[in-house]
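J.: Need the 3D shape of this:
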Amino acid sequence: MQGDSGQLATPLQSAQLLFCCKQIERRYGNKQVGEWTNRDYIYLSHTISRDTSILISPNTLKRIFGKIHTTAHYFPQQATRDALAKFAGYTNWATMSEQMPESVIGTEAAIDIVPGALEPDEIPQEPLAGTKEFPVPKESSSSRTAFWWAYRKWIGGFAAVILLVLFSLYLQKTRDDLVLPGTVRLVCQNPDGANPHTALFKLEAVKGELPNNGGFTIDFNDRKSKRSIQSGELLNHYFEMPGVYYPILYYNDKPIDTSRVSLLSKEWSATASMLQDTTRVYPIGSANIRRDGKLQVTTPTLFAAGIDTNKTFLVNFYQTTAEDISGDDFTLNIKLRTSSDRPGVRCSQVWTKVFGDHYYHDVLILKPGCTNWSTIGFSENRSYGGSSDLRALGVDLSGGGEIRIQVKNRQAEVFVNGKLLYTSSYTKSIGNIQGISIDFSGIGTIEEVELSDRRQTGVRTVLGEEASICLFRLKKSY
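T.: Below you'll find the predicted structure:
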């Protein structure tokens, strides 16, 4: 029998291997080797590895037990033989060889019959002729005692691990309780700026001292990854899209505070972006966003800015409000036209956002059949088409139309072409309005925008220049 090292096995080694296989077969159970399936060899490989800390692959076991034929008689290497002997109940291969019955050693039948040379159903299940029954090593009283001590140690170790896990969870909870909402503030040192804007953030303890064990992260609410911040650290973040952002401070993934960053735009600005590329934006020059007295960006202008107009792209229009208008009592009227069908544009969406000091309102209207992607929210009360029935927001505005959003005493209504589509209410004030954002998928057109303060009794939005009660207006002439 040729071993793994390339040496021929002696007849004695053949008998030893057969003896060991017989002991393993008996320990494995009443099922004979010839009936073993691939699953049995996988399970035996796992069991031997678990009991001996030595891995013998299922294929190696198949060669040893004759499931796979080899050109030469297979004789495994020393580490494999020791693992087999240990699993059979002996200390190692040498110990097993010493305890083998003399009747096995020197028996011609035993020498001629080796596992690697047998069919699976030919491995003898009874003692060979001229030999006596192979005895299974009996455990001494001391070995049984050692086994039970080892078993008790295993139970004790398992209990210790459980206690350690529970104690770790307790420490984690205690650490989390150190920082609760209201105990740490996220401070932006320069919340207002032009576009683009680099904002500076730091942590400030409301009471006590800031913990030094880390765990603080900031979500800047601009589709970029969270960033960690340490106690006493000054963290800069670059904002490149006009609008208002509400960074959220997390401690161990729990929100504990928020802040605000406003990128101001006294006039209407336009910025394009690609749906497939969230790492870049494409500003459009203010001289190129007006056409025939309306806000619109043409295809050549987008192409010149770097947009591949054969793919899905978005165009955002934004303007800051300079008036003291409450985000909880206002009326917003928008006359517009969404994009016609074109490459990358199928649902022809328009997404209107009203940004406040503390949070925002938004309404996303798409063509009928696309409302799975719709979203609508007023302050903390938000709904999404994937989990809510927002079919009412399925309206085709590619031929033009008017959207009216009105909020009074935190009761909100949404109208399209004079028809009430949606009502909602909320509890958390968004503060005064900071700006208005209108996003189109593809090329949309804005004809008119009027924002009125409903806190003035009898206020009615009009077009006349003398009507000072109309606080925010996009007129047809510039």
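
J.: A strand includes Arg382, no?
T.: Yes - counting by DSSP: H, G, I helix; E, B strand; the rest coil, Arg382 falls inside a strand.

J.: Correct me if wrong: it contacts Ile376.
T.: Yes - Arg382 is within contact range of Ile376, at 7.3 Å (criterion: Cβ atoms under 8 Å). Bear in mind the C-beta positions are built from the backbone N, C-alpha and C, glycine included.

J.: Looking only at neighbour counts, state which of these two leads.
T.: Applying other Cβ atoms under 10 Å to Arg382 and Ile376 shows that Ile376 carries more neighbours, namely 24 against 14.

J.: How about the more buried one: which residues does it bridge to?
T.: With DSSP bridges as the criterion, Ile376 is bridged to Val363, Ser383.

J.: That one: what's it in contact with?
T.: By Cβ atoms under 8 Å, 6 or more residues apart in numbering, the residues touching Ile376 are Asp362, Val363, Leu364, Arg382, Ser383, Leu390, Leu393, Val414, Tyr422, Ser424.

J.: close enough to count as contact, the first one and Gly377?
T.: This points to Asp362. Yes - if you go by Cβ under 8 Å, Asp362 and Gly377 touch, sitting 5.4 Å apart.

J.: As a check, name the ranges of all helices in this protein.
T.: Assigned by DSSP state H, the helices in the chain fall at 11-28, 38-52, 58-64, 78-88, 93-99, 108-112, 141-178, 299-305.

J.: distance between the first one and the chain's centre?
T.: To tie it back to what came earlier, the one meant is helix 11-28. Helix 11-28 has its C-alpha centroid displaced from the chain centroid by 52 Å (Cα atoms, centre = their mean, to the nearest Å).

J.: can you check the fifth one too?
T.: Counting by Cα atoms, centre = their mean, helix 93-99 is centred 55 Å from the centre of its parent chain.

J.: Just list what that helix packs against, helices and strands only.
T.: In terms of contacts (3 or more Cβ pairs under 8 Å, 6 or more residues apart in numbering; DSSP states H and E), helix 93-99 is packed against helix 11-28, helix 78-88.

J.: now do the fourth one
T.: Counting contacts by 3+ Cβ pairs under 8 Å, 6+ apart, helix 78-88 is packed against helix 11-28, helix 38-52, helix 93-99.

J.: just for the stretch 101-250 of the chain, where's the confidence low?
T.: Within the stretch 101-250 of the chain, the segments meeting pLDDT under 70 span 103-154, 170-180.

J.: still on that earlier bit, for PyMOL, what selects the buried ones among the contacts of Ile376?
T.: Filtering these down to the buried ones (16 or more other Cβ atoms under 10 Å) takes a single PyMOL command:
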select buried, resi 362+363+364+383+390+393+414+422+424
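
J.: Can you lay out the contacts of Ile376 as CSV showing pLDDT?
T.: As requested, these are exported to CSV (pLDDT from 0 to 100):
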residue, pLDDT
Asp362, 97
Val363, 97
Leu364, 96
Arg382, 95
Ser383, 95
Leu390, 95
Leu393, 95
Val414, 97
Tyr422, 96
Ser424, 96
